[in-house]
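*Asks:* Any chance you could fold what I've pasted below:
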Amino acid sequence: MKSFKILNIVMAILGLTSCTTNDSAPSHSKSTKPISLPREFMQSLNDEQVSKDLEALVNAELPFAQKMLEQHGEFYPFAATISKDGEAAYLAADIGKENPKSAEMIEFVTAALHAQAQKGEYRAAAICTDIAITLPSTAQKTDAIRISFEHRKGSCLYFFIPYEKVKPGAITLGEAFASTFQPAEPIFVSEVK
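*Replies:* Here you go, the predicted model:
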């Protein structure tokens, strides 16, 4: 049977804690500094709440993704949300398979987030995945952490953090970049017409 589990316990074990967008700074692991989103990109969002929620979710998910990459060389997709009250929570799917495909997990997590978003539980959600990309600036292929961010106000953004495995147990993060996207299966039905 499929289930949806909150991973606050896993995050606590790894030394990561939930954050709220009302905090001055989210909590991070010792090896991850808060990431600065490109200023001109953040200004282009034209909404302070969307900007704060994006920054909070990126900085909430990045430490866990980095920790998994350092310890295991990969990670299954997981999500983080911001409730209507500004509280962050970490989420992952258990779809009943020992080695599920990332696409199956993303589909399940998206559907679960959509169901909760339609009840008004969340104002923002982000799904974090480990992918291979071609860098737009150099056309070089690389691994990247991709955070797919959606906000109830209608913003849909991909945030990419390229990384390189430099030795067992260590990665180096590259320069982050972002782009907009239109989700095939949106989490939120936009409030903006």
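
*Asks:* quick one: the strands in the protein?
*Replies:* Using DSSP state E, the strands of the chain run over residues 3-6, 78-83, 88-94, 122-134, 141-151, 156-167, 170-173, 177-180.

*Asks:* now the second one: mean pLDDT?
*Replies:* For strand 78-83, the mean per-residue pLDDT is 95.

*Asks:* How far off centre is it?
*Replies:* When C-alpha coordinates are averaged (CA atoms, centre = their mean, to the nearest Å), strand 78-83 and its chain have centres 8 Å apart.

*Asks:* returning to what we had before: can you redo the strands of the chain as a markdown table, where the extra columns are mean neighbour count?
*Replies:* C-beta: built from backbone N, CA, C; applies to glycine. What follows is these, written out as a markdown table (neighbours: other CB atoms under 10 Å):
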| stretch | mean neighbour count |
| --- | --- |
| strand 3-6 | 13 |
| strand 78-83 | 24 |
| strand 88-94 | 20 |
| strand 122-134 | 20 |
| strand 141-151 | 21 |
| strand 156-167 | 16 |
| strand 170-173 | 14 |
| strand 177-180 | 15 |
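
*Asks:* Export those strands as CSV, with columns for distance to residue 52.
*Replies:* Shown next, in CSV, are the strands of the chain (distance: least, CB to CB, whole Å):
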stretch, distance to residue 52
strand 3-6, 22
strand 78-83, 9
strand 88-94, 12
strand 122-134, 9
strand 141-151, 10
strand 156-167, 14
strand 170-173, 22
strand 177-180, 15
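
*Asks:* among those, which is nearest residue 189?
*Replies:* For residue 189, the closest of the strands of the chain is strand 141-151, at 10.7 Å, according to CB to CB.

*Asks:* any idea how far residue 102 is from residue 130?
*Replies:* Here the distance between residue 130 and residue 102 works out to 8 Å (CB to CB, to the nearest Å).

*Asks:* Can you pull out the low-pLDDT segments for the chain?
*Replies:* Per-residue confidence for the chain (pLDDT under 70) gives these ranges: 1-45, 190-193.

*Asks:* In the protein, which helix is the longest?
*Replies:* Scanning the chain for the longest helix, with DSSP state H as the assignment, gives helix 48-72.
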